[in-house]
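> what follows is a predicted protein model with its sequence.
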Amino acid sequence: MRTAGAVTNATARVHTAAKPRLLARCGFTPASRKRLFSRAVYIVDENTKTPLFSLNANQVRPIASLSKLMTAVVWLDSGPAMRAPLTVTNADLDTLKFSHSRLAVGSTLSRADMLHISLMASENRAAAALSRDYPGGRPAFISAMNRKARALNMPNTRFANSTGLSPNNVSTARELARLVRASNAYPLIRRYSIDHQQRVNTGKGQLQYVNTNRLVRYGKVDASVQKTGFINESGHNMVMRVLVHKRRPVIVTMLGSDTPEGSRLDGVRIAHWLSCSLR
């Protein structure tokens, strides 16, 4: 027969298991947190919805190519014919930042390949082409992105374009965690965003693309969704849905590192906190 003390202890263990936390013995110390390069960070245990760490998580910041997660969500919600061809036109050129792209005007890819390289390799012209091809055109697409943000309870999030090249694409580290969680419900986002590389036929030859997230590309973290982003106004950003010990989902959002290396090192540090603290 179980004693009252045994029941109390069992209840305490269940309560403790339901409230995960990052541990000082795993390096989660004030000194370690001060060494983070990202200016805004949010870490949340998905199953229990327990915030594990928050740094300027409600600060509204430009999010750059993290926007492409919403681009993918809205595009897939429209139920497109993924095998149908889509051609890059002059309307897809970046006239804001004049960024370079290997995807030349006249290149024709399947819509699936456009989405693939937009997510995995952050290909701006691919994301621009997807928004232009949306029913109602680009203005309708941007409106749909903002409606979806409201539906996902992201009140501080705004989108001005599909690529993230506009500094008017803004959100918070906390609200981006909601977008990452929503993105994980789409099999193609899970597949394409974490793919290591992809070769596409453009009709003008083949192009080889690789994942912009080196933590994912080199197998340093186990993730089901990821995206990176950079413009001068935002700094270097990274979001991931990390599978701790291959089974426990934790969402990590990091905004505003001065360098890509800083963002990568933050990801490594946080992955260690998680793997050591959460069993």
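The structure has been received and is ready for your questions.

> which stretches in the stretch 101-250 of the chain count as strands?
108-110, 170-171, 197-201, 206-210, 223-231, 235-244, 248-257 (DSSP state E, counting those that start in this stretch).

> wait, doesn't P167 sit right on S234?
Yes: counting by CB atoms under 8 Å, P167 touches S234, with 7.0 Å between them. Just so you know, the C-beta spots here come from the backbone N, C-alpha and C atoms, and that holds for glycine as well.

> these two - which one has more neighbours?
S234 (22 against 17; other CB atoms under 10 Å).

> how about the more buried one: what's its closest non-neighbour residue?
P62 (3.8 Å; CB to CB, 6 or more residues apart in numbering).

> if we can go back for a sec, closest one to Y134 among the strands of the stretch 101-250 of the chain?
strand 108-110 (16.1 Å; CB to CB).

> that closest one: which residues count as buried?
Within strand 108-110, the residues scored as buried using 16 or more other CB atoms under 10 Å are 109-110.

> what's the answer for stretch 40-59, then?
Quick answer for stretch 40-59 (16+ other CB under 10 Å): 40-46, 52-53, 55-57.

> please apply the same query to stretch 243-258.
Buried residues in stretch 243-258 (16+ other CB under 10 Å): 243-244, 248-257.

> before we move on, what about stretch 56-70?
56-57, 61-70.

> ends of it, what's the gap?
Stretch 56-70 has an end-to-end distance of 22 Å (CA to CA, to the nearest Å).

> isn't T172 right next to A57, touching?
Yes: contact criterion CB under 8 Å: T172 and A57 qualify, at 6.3 Å.

> which residues are in contact with each of these two?
40, 42 (CB atoms under 8 Å, 6 or more residues apart in numbering).

> so what's K246 closest to, chain neighbours aside?
K246 sits nearest to D222 (CB to CB, 6+ apart), 5.6 Å away.

> typed the wrong thing, it's N211
In space, N211 is closest to R217, 4.2 Å off (CB to CB, 6+ apart).

> now swap in L52 and tell me
I43 (4.3 Å).

> same question for L22.
Closest to L22 by CB to CB, 6+ apart is F28, at 3.9 Å.

> could you look up the SS state of the one you found?
coil (DSSP: H, G, I helix; E, B strand; the rest coil).

> so it sits right up against L278, yeah?
No: using CB under 8 Å, F28 is not in contact with L278, being 11.2 Å away.

> pLDDT wise, what is P62 at?
P62 is assigned 98 on the pLDDT scale.

> what do you get for R279?
Looking at R279, the pLDDT reads 86.

> okay if I get the buried residues of stretch 243-258 as a markdown table plus pLDDT and distance to F230?
Shown next, in a markdown table, are these (pLDDT from 0 to 100; distance: CB to CB, whole Å):
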| residue | pLDDT | distance to F230 |
| --- | --- | --- |
| L243 | 98 | 25 |
| V244 | 98 | 26 |
| R248 | 97 | 29 |
| P249 | 98 | 25 |
| V250 | 98 | 23 |
| I251 | 98 | 20 |
| V252 | 98 | 17 |
| T253 | 98 | 15 |
| M254 | 98 | 12 |
| L255 | 98 | 11 |
| G256 | 98 | 10 |
| S257 | 98 | 9 |
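
> turn the residues you listed into CSV, columns for distance to L115.
Shown next, in CSV, are the buried residues of stretch 243-258 (distance: CB to CB, whole Å):
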residue, distance to L115
L243, 22
V244, 28
R248, 28
P249, 23
V250, 26
I251, 22
V252, 23
T253, 22
M254, 24
L255, 24
G256, 27
S257, 27
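
> which pair of those residues spans the longest distance?
Between any two of those, the greatest separation by CB to CB is 26.7 Å, found for R248 and G256.
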